[in-house]
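> Structure, please.
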Amino acid sequence: MTCEYPTVEILGSGVHRLSFADAIGFLERLIQGRDGVCHQVVVTGFHGLWEAHKDQYLYQILNGADLWVADGIAPVLLARLRQIRDITRIPGAELMEGYFERANRNGYRSFFYGDTVETLDELTRTLERRFPGHEICGTLSPPFRCLTPEEDDEIVEQINTSNSDVVWVGLGTPKQDKWIFEHKDRLNAPVAVGVGAAFRFHAGIVKRVPKVIGDMGLEWIWRLAMEPRKLWRRDIIAGPQFLLHAAMELLGLRRYGRDMSGYSAGKR
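Presented below is the predicted three-dimensional model:
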């Protein structure tokens, strides 16, 4: 399915401009219109934009995805500075929540790949209580090391045997996006979505930002306060560097962008 939504270009990458309802509707159309292809959905904000700026391989993956939604306030604010209003901040946890509500009514199936066994167990208990009509058809916590080809094949087989509608991947950016790209040609689910820390939000292991703070665009401060050891490098070091380059692009002092030649879906 071709994404019909326009993009806003930031550091040469294109983030799709759409509403929350559009994003949920897009997921549902992929599920209902199974075409034998596993479609990749990217959910990231300034972190993904900055990593893509530094990494040509990741740049091609993110910009070759079927949908890239703005998880974070930075793409939204930069778009508004260009008088672009039709873009919405869509955090991964909220995208999951919207999907779960739809899945609860329609009986969609999810497979969760990533994070720890403890997180996945708590996530399963929470979702089964809140969304009994949504089927959790499998969970898998991979070891924190490189997998052998045999182990990788077993994981793909387990996911495919589950016959899931959505494969949610929580390995963190950019690892989750690379994993989806490198495996989607072997997955039979119609869609795979990288959602990072959202597993722990829904499991209740990490407290989600209060809505009023999130709506103010200050979720990054809340998350930094909740997990400083994990996020300080990204927010304190990479954040200002991203803003400097975004400002240069906005002021026309530097042009960004690379071509997609050599991009081959699902292959490196």
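> Count the neighbours of the residue nearest to D86 when sequence neighbours are not counted for me.
In space, and not counting its chain neighbours, D86 is closest to R17: 4.9 Å by CB to CB, 6 or more residues apart in numbering. All C-beta spots, glycine's among them, are computed from the backbone N, C-alpha and C. Applying other CB atoms under 10 Å, we find 20 residues neighbouring R17.
> thinking R17 is in contact with C3, fair?
No. Taking contacts as CB atoms under 8 Å, R17 lies outside contact range of C3: 10.7 Å.
> Relative to E118, how far out is the residue nearest to D86?
38 Å (CB to CB, to the nearest Å).
> can you check A74 too?
31 Å.
> Next: Q56.
From Q56 across to E118, the span is 36 Å (CB to CB).
> same thing with A65?
Distance of A65 to E118, computed by CB to CB: 30 Å.
> Compare those two (neighbour count), which wins?
Neighbour count, other CB under 10 Å: between A65 and E118, A65 has more, with 25 against 12.
> For the more buried one, report the pLDDT, please.
On the pLDDT scale, A65 is placed at 96.
> tell me the secondary structure for the residue lying closest to R130 once chain neighbours are set aside?
Spatial nearest neighbour of R130, excluding adjacent residues (CB to CB, 6+ apart): F100 at 7.4 Å. The local conformation at F100, judged by DSSP: H, G, I helix; E, B strand; the rest coil, is helix.
> Over to the one 3 residues further on?
Counting by three-state DSSP, the backbone at A103 sits in helix.
> can you check G133 too?
coil.
> ok, it - how many residues close by?
Neighbour count for G133, taken as other CB under 10 Å: 13.
> which residues in this structure form helices?
According to DSSP state H, the chain carries its helices in the segments 20-32, 46-54, 56-64, 74-81, 92-106, 117-130, 149-162, 175-183, 198-203, 211-215, 219-226, 228-232, 239-250.
> In CSV, could you pull the C-alpha coordinates for stretch 53-67?
The C-alpha coordinates for stretch 53-67 follow below in CSV (Å, rounded to 0.1, in the frame of the first residue of the first chain):
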residue,chain,number,x,y,z
HIS,A,53,21.6,12.2,9.4
LYS,A,54,24.7,10.5,10.6
ASP,A,55,24.0,7.0,9.2
GLN,A,56,23.3,6.6,5.4
TYR,A,57,22.1,3.0,5.9
LEU,A,58,19.6,4.1,8.6
TYR,A,59,18.6,7.1,6.4
GLN,A,60,17.6,4.8,3.6
ILE,A,61,15.7,2.5,6.0
LEU,A,62,13.7,5.3,7.6
ASN,A,63,12.9,7.1,4.4
GLY,A,64,12.1,3.9,2.6
ALA,A,65,9.5,2.9,5.3
ASP,A,66,5.8,2.8,4.3
LEU,A,67,5.0,5.3,7.1
